[in-house]
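> how does the following fold in three dimensions:
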Amino acid sequence: MAGPKFDPATDKGLKSFNGFIGSKSYLEGFSYTSADDEFFAKFGGACPDASSAPHAYRWYVHIAALKGVRGLCLAPAPAAAAPAPAVAPAKKEKPAKEAKPAKDDDDDDFDVFGDDDEEEEAPKESRKDMLARLKQEAIDRTKLKEAKQRTLVGIEVKPWGTEQDLMALWKKITTEITQDGVKYGEVCHLVDVAYGIKKIVMSFTMGSTSSSDEIIERIEGLEDEVQSVELTSMNVL
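Residues are numbered from 1 along each chain as shown. Purely as a prediction, here's the structure:
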């Protein structure tokens, strides 16, 4: 099946496809099919713009990672918001004092409750404290943003020979080599290398605290089954 009948080479077609793929990971069902492969070819290597067509961009880089395509365009990470300028608190005006009646000479001059004028105003925030507070708020916003950030990583796993069961190897990798924040793609893609040997093209997503280097090192640790692992792409989602 050739997939949806959109022409991604036109603005109208790309906009329609962006809406169509908004709630989907693949064109058909829940796994990579030939429909994704054929529709990917219609882009002619032109990566969709992440700002105007974010869903089309997400689908494109995901399929490109499964196909082992290199040199993808990367969507620039959004710039951190500048801290809002501090607004000095408005100074409250004190109500006008009421005129006090004249005291008799015999009245006691001692005021039991004290004079309101003698109350000290709360100290204002110093410039140093204000700058420190704004800096900490900016750091907290950046940490929160990084905690939500996800990155799509594409890798190629090369075996030693043609006799190996690559699907069994892929399943072993995705079930035994785990890490907090790392989620593997639902499918992999087997691509010919040479002399009947194939390689596994696969992908996974990770958080800002995850390590792709650690994942690759642990896969390479399967020395009896894995010849080498190559990182092919990294894209911020």
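> just the strands in this structure please.
Applying DSSP state E to the chain gives strands spanning 150-159, 183-184, 189-194, 197-207, 226-236.
> contacts only, for the residue lying closest to Ile216 once chain neighbours are set aside.
Using CB to CB, 6 or more residues apart in numbering and skipping residues adjacent in sequence, the residue nearest Ile216 is Val229, 4.9 Å away. To be clear about C-beta, it is placed using only N, CA and C from the backbone, and glycine gets the same treatment. By CB atoms under 8 Å, 6 or more residues apart in numbering, Val229 lies in contact with 155-158, 216, 219-220.
> that older thread, reformat the strands of the chain as JSON lines; add distance to Asp37 and mean pLDDT.
Formatted as JSON lines, the strands of the chain follow (distance: least, CB to CB, whole Å; pLDDT from 0 to 100):
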{"stretch": "strand 150-159", "distance to Asp37": "16", "mean pLDDT": "93"}
{"stretch": "strand 183-184", "distance to Asp37": "20", "mean pLDDT": "94"}
{"stretch": "strand 189-194", "distance to Asp37": "9", "mean pLDDT": "91"}
{"stretch": "strand 197-207", "distance to Asp37": "12", "mean pLDDT": "93"}
{"stretch": "strand 226-236", "distance to Asp37": "17", "mean pLDDT": "93"}
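> quick one: which of these is nearest Lys5?
Nearest of the strands of the chain to Lys5, taken as CB to CB: strand 189-194 at 24.8 Å.
> many thanks, have a good one.
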